[in-house]
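Novice: Fold the following, please.
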Amino acid sequence: MTLRTRLALWYSGLLMAVIIIFSIAVITVSRVTLLQTVDQVLSSTVTSIVDSIDPLPVDGFELDGDLEIFFRRDDVFHVSGVSVQVWQIHTIDEPLDEPILVRSSSDLLDSTTSLDPNNLHVNKQVINSVMVSDRPERVLTQPFSLDDGTIIGVIQVSAPLTAIADANDQLLVITLISALICIGVSIGLGKWLSTHLLKPVDAIKEAAASVAVANDLTNRINWEGPDDELGALTKSFNHMMERLEGVFKLQQDFIGDVSHELRTPLTSIIGHLEIMDKYGVDNDSLDALHREANRMSRMVNDLLLLTRADSGEMKIDRYAIDVDAVMLEVFEQSLALVKERHLSINLERLEPVRIHGNADRLKQLLLNLISNAIKFTTDEGQIYLSVYPQGEQAIIEIRDTGIGIDEKDLPRIFDRFFQADSARVHRSDADGAGLGLSIVKWIVETHEGTIDVKSRIGQGTTFTITFPAVRVID
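Specialist: Below is the predicted model of the structure:
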C-alpha cells in the first residue's frame, strides 16, 4: 500500500470517526434537550395541580377518617398534550387497600389504569419513561399531602414521546445521509490532499532514482510552496545533494590525485628495475629505488593518518604543554634541515605560554610548516619563528621571505594533494605529496585552534595559529 493511499485512508478514517462521534453527540443532546423540555412542561402542570388542591381535610366535614379532595381550578386538567390522573392512596387515618382515581383529564375518562402503576406509592417526585397503551409516554409522579405531612395521594401527568421519537428518527436519517456525504467528500479530499502534499516527496523520489540510475548528483528540487515541513524537507534534500556532489567530486579528485602521485614513483621504480634487470645492479639505481619507496611510504602513512582522523579513530592525548619549549626544540631540529641551504631560521619572539595539547602532534605541525617554508624560500632568505601569549590565546607565527602564494591558490592550500609545483624553488628527497598542510589543519582543529594564512607574491608568507591558552598558576 502506497503512502498516498495510507494517508488518504487515515484522513478519511479520522474524519469518519469524528463525524460518527459528532452524530451520536447531536442525537443524544437532541433527545436529552427534548426530554428536558417535556419534563419542564410536566413539572409545571403538576405544580399547578398541587396549587389548585384545597387544604385537607376540608372545613365543614366530619373528620371521621373520610376526606374529599377538591380542586379550585379546572383548567389544569386541560393542558394541551398532557394527560393527568389524581390518585388517592391514603385516608386521614390509614392507607387504602386499593388506590382510588379521583380525577383525570378528558383524554383518560375511559381509562382506570394508572399511567405508571409502579410508582403510585412514592414519597418523592419520580420521572419515568413507560409504555402506555403500546405507545411511549413520559410520566411524572408527584405525591401530595395534608398539612401534617401525611401523603394522601399522587398526581401523575404524562406526555407522549412519539413526537420526540419521530424527531430523533428524522434527525438520525438526516445525520446518516450527511455523514455518508461527508465521508465521500472526505475520501475524495483525502486523495487530493495526499496527491498535492506529496508532490515534493515524489520529486525527491524521482531525484533519488535518477541518482541511482544515472549517477547524476546535479538534480535539485524547485520548491515554490510555503516554508513549512515539506519546504524544509526539500531544502534538506537539496543541501544533502550539494554535500553528496561535493563529496563525490572530492572522492574523484582524491582517487585521481592518489593515482597521479603513485604513478610517478611506481614508474620510476619499474624503470630502475628494468635497467637493473638489463645491466645489473648499481648503486644509483638502488638509491633511486630507496628514495621512491621512502616517498611512497611517507605518502601512505600520511594518507592513513588523515583517513583515521576523518573516521574518528585517531585519538590524541592532550595535556598541559609549554609551547615555547616545544618551539625551541623544533627550532634546533630545523637547523639541520637547512644545513645545505643558504637560509637563516630565526627565533623572532619566544615568550612563555601554555596550551592543552599533545607535544608530538604540535612538533609535527611546526615541522610541516617550517619544511614548507624552506621549500618555498630562495637562498639567502629568512624564516622567522614566534610564540607569544595574546590575551587568553596562544599565538604561533611562522613567517618567511619566500616567493609567496598566488591569491587564487590560497583557498586550496589545505586541500589534499594540492601543490604549487610551478612555484616551488627547492626540491628534496623529503618532498611529500601535498598532504602536509592537510595534516597541519587537522592538528589545529583537533586542538580547538584556528589557522590563518597571509601571503603576497615575492614578499613571503605568514602562517598564524591561535590556540586557547592555559592559565599558569604560580
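
Novice: any chance you could map the helices in this protein?
Specialist: Here the chain has its helices, by DSSP state H, at 3-52, 162-197, 199-214, 229-279, 283-311, 323-337, 359-375, 436-446.

Novice: And the last one, how far out from the chain middle?
Specialist: Here helix 436-446 shows a centroid-to-chain-centroid distance of 35 Å under the convention Cα atoms, centre = their mean, to the nearest Å.

Novice: ok, now which ones touch the nearest residue to Thr175 once chain neighbours are set aside?
Specialist: Spatially, and ignoring its direct neighbours in sequence, Thr175 is nearest to Ser23 (4.2 Å; Cβ to Cβ, 6 or more residues apart in numbering). Heads up, the C-betas are built off the backbone N, CA and C, glycines and all. By Cβ atoms under 8 Å, 6 or more residues apart in numbering, Ser23 lies in contact with 175-176, 178-179.

Novice: Just the buried residues out of the residues you listed, in ChimeraX syntax.
Specialist: Buried members of those, defined by 16 or more other Cβ atoms under 10 Å, are picked up in ChimeraX with:
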select :175,179
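
Novice: Return the member of the contacts of Ser23 nearest to Gln393.
Specialist: When the contacts of Ser23 are compared for distance to Gln393 (Cβ to Cβ), Ala179 wins out at 72.3 Å.

Novice: What's the local residue count around the closest residue to the closest one other than its chain neighbours?
Specialist: Nearest residue to Ala179 in three dimensions, chain neighbours excluded: Ile19, at 4.7 Å (Cβ to Cβ, 6+ apart). Neighbourhood size, Ile19 [other Cβ atoms under 10 Å]: 18.

Novice: Could you number the chain from 8 rather than 1 from now on?
Specialist: Right, with 8 as the first residue, what we last looked at is Ile26.

Novice: Enumerate every residue touching Ile26.
Specialist: By Cβ under 8 Å, 6+ apart, Ile26 lies in contact with 185-186, 189-190.

Novice: Any chance of a markdown table for those, columns distance to Ile107 and pLDDT?
Specialist: Below are the contacts of Ile26 laid out as a markdown table (distance: Cβ to Cβ, whole Å; pLDDT from 0 to 100):
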| residue | distance to Ile107 | pLDDT |
| --- | --- | --- |
| Ser185 | 52 | 81 |
| Ala186 | 53 | 78 |
| Cys189 | 57 | 78 |
| Ile190 | 58 | 76 |
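
Novice: Same list (the residues you listed) but as JSON lines, adding distance to Gln163.
Specialist: JSON lines is the format used below for the contacts of Ile26 (distance: Cβ to Cβ, whole Å):
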{"residue": "Ser185", "distance to Gln163": "39"}
{"residue": "Ala186", "distance to Gln163": "40"}
{"residue": "Cys189", "distance to Gln163": "44"}
{"residue": "Ile190", "distance to Gln163": "46"}
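
Novice: Among those, which one sits closest to Val48?
Specialist: Looking across the contacts of Ile26 and measuring by Cβ to Cβ, the closest to Val48 is Ser185, at 30.1 Å.

Novice: Report the contact partners of the closest one.
Specialist: Here Ser185 is in contact with 26, 30 (Cβ under 8 Å, 6+ apart).

Novice: Tell me the spacing between it and Met23.
Specialist: 12 Å (Cβ to Cβ, to the nearest Å).

Novice: What of Cys189?
Specialist: Counting by Cβ to Cβ, the separation of Cys189 from Met23 is 8 Å.

Novice: what's the neighbour count on Ala239?
Specialist: Quick note: Ala239 (other Cβ under 10 Å) scores 11 neighbours.

Novice: Which residue lies closest in space to Tyr18, excluding its sequence neighbours?
Specialist: Gly197 (3.8 Å).

Novice: dump the residue contacts of the one you found.
Specialist: 14-19, 22.

Novice: Among the residues you listed, list the two that are farthest apart in space.
Specialist: Leu14 and Leu22 (12.5 Å).

Novice: tell me which helix or strand of this protein sits lowest on mean pLDDT?
Specialist: helix 206-221 (a mean of 67; mean pLDDT, DSSP states H and E).

Novice: Next, count neighbours for Asn365.
Specialist: Residues within reach of Asn365, counting by other Cβ under 10 Å, total 18.

Novice: Surely it and Asp324 touch.
Specialist: Yes - Asn365 is within contact range of Asp324, at 6.0 Å (criterion: Cβ atoms under 8 Å).

Novice: Out of the contacts of Gly197, the closest to Val460 would be?
Specialist: Leu14 (53.6 Å).

Novice: tell me the mean pLDDT for stretch 166-183?
Specialist: For stretch 166-183, mean pLDDT rounds to 82.

Novice: Pretty sure Ile134 sits against Asp46.
Specialist: Yes - using Cβ under 8 Å, Ile134 is in contact with Asp46, at 5.9 Å.

Novice: and for these two, which residues touch both?
Specialist: Each of 145, 147 lies in contact with both Ile134 and Asp46 under the rule Cβ under 8 Å, 6+ apart.

Novice: Skip the chain neighbours and tell me the closest residue to Val451.
Specialist: In space, Val451 is closest to Ile458, 4.7 Å off (Cβ to Cβ, 6+ apart).

Novice: now that neighbour: how far from Val89?
Specialist: 98 Å.

Novice: The two: who's more crowded?
Specialist: For Ile458 versus Val89, neighbours defined as other Cβ under 10 Å are more numerous around Val89 (22 against 18).

Novice: re the thing from before, top of the contacts of Gly197 by neighbour count?
Specialist: Ranked by neighbour count (other Cβ under 10 Å), the contacts of Gly197 have Ala15 at the top, with 21 neighbours.

Novice: could you check the distance from it over to Gly191?
Specialist: 13 Å.

Novice: same check, this time on Lys198
Specialist: Applying Cβ to Cβ, the value for Lys198 to Gly191 is 11 Å.

Novice: Same question for Lys285.
Specialist: Taking Cβ to Cβ, one finds Lys285 at 91 Å from Gly191.

Novice: More neighbours: those two, which one.
Specialist: More crowded of Lys285 and Gly191, by other Cβ under 10 Å: Gly191, with 11 against 7.

Novice: Need the pLDDT of that one.
Specialist: On pLDDT, Gly191 comes in at 80.

Novice: Roughly how far does it sit from Ile184?
Specialist: As judged by Cβ to Cβ, Gly191 and Ile184 stand 11 Å apart.

Novice: what do you get for Thr44?
Specialist: According to Cβ to Cβ, Thr44 and Ile184 sit 26 Å apart.

Novice: Just give the number of residues close to Pro150.
Specialist: Counted with other Cβ under 10 Å, Pro150 comes out at 21.

Novice: quick one: buried residues of stretch 51-58?
Specialist: Of all the residues in stretch 51-58, those buried under the rule 16+ other Cβ under 10 Å are 52-53, 55-56.

Novice: Adding distance to Asn353 and pLDDT, write these out as TSV.
Specialist: Formatted as TSV, the buried residues of stretch 51-58 follow (distance: Cβ to Cβ, whole Å; pLDDT from 0 to 100):
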residue	distance to Asn353	pLDDT
Thr52	117	89
Val53	116	89
Ser55	119	89
Ile56	122	87
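
Novice: Distance to Ser118 added to those, as JSON lines?
Specialist: Output for the buried residues of stretch 51-58, formatted as JSON lines (distance: Cβ to Cβ, whole Å):
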{"residue": "Thr52", "distance to Ser118": "18"}
{"residue": "Val53", "distance to Ser118": "19"}
{"residue": "Ser55", "distance to Ser118": "22"}
{"residue": "Ile56", "distance to Ser118": "18"}
